[in-house]
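Novice: What follows is a predicted protein model with its sequence.
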Amino acid sequence: MPPHTLSALRTTLGNIDAATRRTVRMPRTPARPAWPDRDYLGWRDPSAPQRGYLFTEHAGPLRGIMLTTTRARAGAGRAVMCELCRIPRRFEQVSLFVAPTGLAERRMSTLGTYLCVDLDCNARVNALRPLTPLDPPAEALVAGRRAELAERAARFIDEVLAVR
């Protein structure tokens, strides 16, 4: 994914109104991994921590959505799996995020899914290594997981935007 400016990212947010779009803030720290190794861009808003953003260019133009986190969490001691990276994590590392839909009809319905709290599945997928000697080589494993991550992120964003 190539680098984008904040104004370019703001204009692609398809599930919020113009007033909310102007309040979007970029994270203070640079994106890791580097831009070419990203399959989507996701971050939590530093000025409104309950909000997050997902952007992708997978199979088309840049498009993005705003998400809000909920207070619903899995029970303590349970493992939960993020729907994007599909890596099981501890209960406090995954949260339910919802994306507003239906702005045109003023229905304000939402679509939700469980995602990593920091919205940075790229770093975890790029760090995957084979667990057993029977697993494919590290490069093939990471490439396959990155393709799946990009596809799932694009599919979720498309689902949110299609409800409009």
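Specialist: Arrived safely.

Novice: In the chain, which helix is the longest?
Specialist: helix 138-162 (DSSP state H).

Novice: Name the residues that touch that one?
Specialist: With contact meaning Cβ atoms under 8 Å, 6 or more residues apart in numbering, helix 138-162 is reached by 14-15, 39-40, 42, 54-56, 58-60, 63-65, 83-86, 99, 101, 111, 113, 121-122, 125-126, 128-130, 135-136. Glycine gets a C-beta too; all of them are placed from N, C-alpha and C.

Novice: I'd like to know which of those are buried.
Specialist: Neighbour counting with 16 or more other Cβ atoms under 10 Å marks 14-15, 39-40, 42, 54-56, 58, 63-65, 83-85, 99, 101, 111, 113, 121-122, 125-126, 128 as buried within those.

Novice: Go ahead and report the secondary structure state at residue 114.
Specialist: Counting by DSSP: H, G, I helix; E, B strand; the rest coil, the backbone at residue 114 sits in strand.

Novice: That one reaches residue 96, doesn't it?
Specialist: Yes. Between residue 114 and residue 96 there is a contact under Cβ atoms under 8 Å: 5.7 Å.

Novice: Among the buried ones among the contacts of helix 138-162, name the ones in strands.
Specialist: 42, 54, 55, 56, 63, 64, 65, 99, 111, 113 (DSSP state E).

Novice: quick check, nearest of those to residue 22?
Specialist: residue 64 (14.7 Å; Cβ to Cβ).

Novice: quick one: the most far-flung residue of the chain relative to its centre from residue 13, how far?
Specialist: In the chain, counting by Cα atoms, centre = their mean, residue 133 sits farthest out from the average C-alpha position, at 31.2 Å. Going from residue 133 to residue 13 by Cβ to Cβ, to the nearest Å gives 45 Å.
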